[in-house]
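Asker: sequence-free structure coming up:
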Ligand SMILES: Cc1cc2nc3c(=O)[nH]c(=O)nc-3n(C[C@H](O)[C@H](O)[C@H](O)COP(=O)(O)O)c2cc1C
């Protein structure tokens with residue numbers, strides 16, 4: 001039923017759809033898409049939302065669509081404007097699903113000026129350098145406070161970098177209070193009825209999109225949401241999924257709750273380990289006991305063999321420091337540790353304090369390899385990694401306690417060092 005409606009909704013015809021007076025949706029539907037950018041599942045497909053704004057002094061096109069769906073975009077554009085009328089092309093970010101039809105649009109509307117953020121300039125060069133003949137459109141780079149006049153109406157720009165590409169901006173139509181928000185507030189839902197008040201439930205799609213696309217940029221998001229908060233809003237017009245006109249502030253508030261900084265709790269240290277014979281597990285417990293001597297720190301230990309990666313990722317996001325323990329097996333750390341570390345791309349771990357530890361038999365590569373990965377994730381390593389040969393002795397467990405104490409202390413101090421500490425010499 002829903003699929004049928006998606007195909008027969010207003011957007012089922014290749015005509016532009018009115019969003020507000022003088023504002024049309026001219027995007028494309030992609031109902032059969034089942035995975036997006038490799039990393040997202042899209043069981044409902046998606047839309048690429050492009051918009052056209054008509055003023056007394058020409059029209060502006062905001063974003064385009066994926067290259068393979070350009071025909072749909074041009075048909076809708078032609079239903080409401082001539083190419084000669086296009087004065088401005090605004091690209092809120094240059095990801096290929098929104099810039100795919102740009103070369104052809106530039107060919108059809110060579111007089112149009114491009115309005116992009118300063119960071120988009122280099123990306124634009126990368127996208128256009130293979131196009132023959134190479135387009136050289138008039139170009140203006142814009143930031144917060146800059147605007148574009150279409151005669152009787154004004155488009156204002158908001159600089160919102162990294163949401164989720166470095167060049168991201170939002171564009172605000174002042175008179176109709178429409179925010180063309182790019183991927184912000186977007187989701188992968190394909191329903192030809194287009195508007196949130198006409199289609200069914202899609203909050204899970206908003207949350208899924210947030211978790212995979214926006215969550216790594218929670219810090220930047222908080223800044224952007226503060227800018228959006230200051231606007232009067234009648235419509236949120238994102239680049240994917242439904243157009244949000246039914247109490248649009250609900251979506252803003254939802255995003256604010258999702259991106260909220262964790263409450264001002266005591267600093268948290270979360271220790272993750274895996275252990276085949278209990279040696280690395282013993283280290284983890286001794287590290288936790290040592291850290292607990294600093295009464296101001298909240299400590300938790302987690303056996304990753306027995307838990308869910310998604311839960312661990314949540315804990316890591318909320319922790320101020322994290323430690324990862326793995327034995328060395330066949331010259332490497334074990335797969336569950338790598339699985340966990342490779343799941344951190346969906347959160348912001350930059351600058352978070354981290355450390356590695358583990359038991360080993362003879363070569364002990366795991367700790368160094370984990371540290372390398374933690375540095376790659378731009379985490380800070382305040383304490384050198386600790387490895388212990390086979391079963392920890394009492395003295396070695398005391399060294400684990402010191403390791404934990406130092407890590408806890410690093411939660412209040414910013415000094416840090418690096419390198420793997422060798423407690424027992426490999427024999
Ligand atoms: C299948 C297997 C392969 C191993 N490979 C290595 C290795 O390549 N290098 C090394 O230093 N230790 C190796 N070890 C030894 C373990 O790292 C050592 O037994 C360690 O104490 C196990 O710690 P755990 O009880 O925390 O799992 C290996 C052990 C097993 C069972």
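Answerer: Structure received. This one's a predicted model, so the numbers in the text were calculated from it and none came from an experiment.

Asker: and the helix or strand hosting residue 104, average pLDDT?
Answerer: Using DSSP states H and E, residue 104 sits in helix 102-108. When pLDDT is averaged along helix 102-108, the result is 97.

Asker: how about that helix: buried residues?
Answerer: 102-106, 108 (16 or more other Cβ atoms under 10 Å). (C-beta placed from N, C-alpha, C; glycine too.)

Asker: want to throw those residues into TSV with distance to the ligand?
Answerer: Shown next, in TSV, are the buried residues of helix 102-108 (distance: Cβ to the nearest ligand atom, whole Å):
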residue	distance to the ligand
102	52
103	52
104	56
105	57
106	57
108	62
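
Asker: So which of those is the closest to residue 118?
Answerer: Nearest to residue 118 out of these is residue 102 (Cβ to Cβ; 17.9 Å).

Asker: quick one, what contacts the closest one?
Answerer: Counting by Cβ atoms under 8 Å, 6 or more residues apart in numbering, residue 102 touches 64, 89, 91, 127-128.

Asker: Now rank these by neighbours and give me the top one.
Answerer: residue 64 (29 neighbours; other Cβ atoms under 10 Å).

Asker: per-residue confidence at that one?
Answerer: In this prediction, residue 64 has a pLDDT value of 98.

Asker: mind pulling up the phi and psi values for it?
Answerer: phi -120, psi -150 (degrees, to the nearest 10).

Asker: Which residue, neighbours along the chain excluded, lies closest to the residue in the stretch 1-150 of the chain that the ligand sits nearest to?
Answerer: The nearest approach of the stretch 1-150 of the chain to the ligand comes at residue 39, 31.8 Å away (Cβ to the nearest ligand atom). What sits nearest to residue 39 in space, not counting adjacent residues and going by Cβ to Cβ, 6 or more residues apart in numbering, is residue 212, at 6.1 Å.

Asker: Endpoint to endpoint, stretch 132-140 covers what distance?
Answerer: 22 Å (Cα to Cα, to the nearest Å).

Asker: In terms of secondary structure, what does the helix or strand hosting residue 59 contact?
Answerer: Secondary structure assignment for residue 59, by DSSP H and E: strand 58-62. Applying 3 or more Cβ pairs under 8 Å, 6 or more residues apart in numbering; DSSP states H and E, one finds that strand 58-62 makes contact with strand 51-55, strand 86-90.

Asker: now residue 193: how far from residue 53?
Answerer: 22 Å (Cβ to Cβ, to the nearest Å).

Asker: Show me which of the two is the more surrounded one.
Answerer: Comparing residue 193 with residue 53 by neighbour count (other Cβ under 10 Å), the higher total belongs to residue 53, at 26 against 20.

Asker: Identify the residue spatially nearest to that one, adjacent ones excluded.
Answerer: In space, residue 53 is closest to residue 60, 4.7 Å off (Cβ to Cβ, 6+ apart).

Asker: which residues touch the one you found?
Answerer: Counting by Cβ under 8 Å, 6+ apart, residue 60 touches 52-53, 86-90, 115, 148, 150, 155.

Asker: Tell me how many other residues surround residue 249.
Answerer: 15.

Asker: Return the residues in contact with the closest residue to it other than its chain neighbours.
Answerer: Of all residues not flanking residue 249 in the chain, residue 233 sits nearest, at 6.1 Å (Cβ to Cβ, 6+ apart). Applying Cβ under 8 Å, 6+ apart, we find residue 233 in contact with 177, 179, 248-249, 252.

Asker: Hmm, residue 33 and residue 42 touching each other?
Answerer: Yes - here residue 42 reaches residue 33: they are 5.0 Å apart, a contact under Cβ atoms under 8 Å.

Asker: The two - which one has more neighbours?
Answerer: residue 42 (22 against 19).

Asker: which ones are touching the more buried one?
Answerer: With Cβ under 8 Å, 6+ apart, residue 42 has these contacts: 33-36, 188.

Asker: excluding its backbone neighbours, what's nearest it?
Answerer: Nearest non-adjacent residue to residue 42 (Cβ to Cβ, 6+ apart): residue 188, at 4.4 Å.

Asker: picking that back up, could you dump the contacts of residue 233 into JSON lines with secondary structure, pLDDT and distance to the ligand added?
Answerer: Shown next, in JSON lines, are the contacts of residue 233 (DSSP: H, G, I helix; E, B strand; the rest coil; pLDDT from 0 to 100; distance: Cβ to the nearest ligand atom, whole Å):
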{"residue": "177", "secondary structure": "coil", "pLDDT": "98", "distance to the ligand": "59"}
{"residue": "179", "secondary structure": "strand", "pLDDT": "98", "distance to the ligand": "53"}
{"residue": "248", "secondary structure": "coil", "pLDDT": "97", "distance to the ligand": "52"}
{"residue": "249", "secondary structure": "helix", "pLDDT": "97", "distance to the ligand": "51"}
{"residue": "252", "secondary structure": "helix", "pLDDT": "97", "distance to the ligand": "47"}
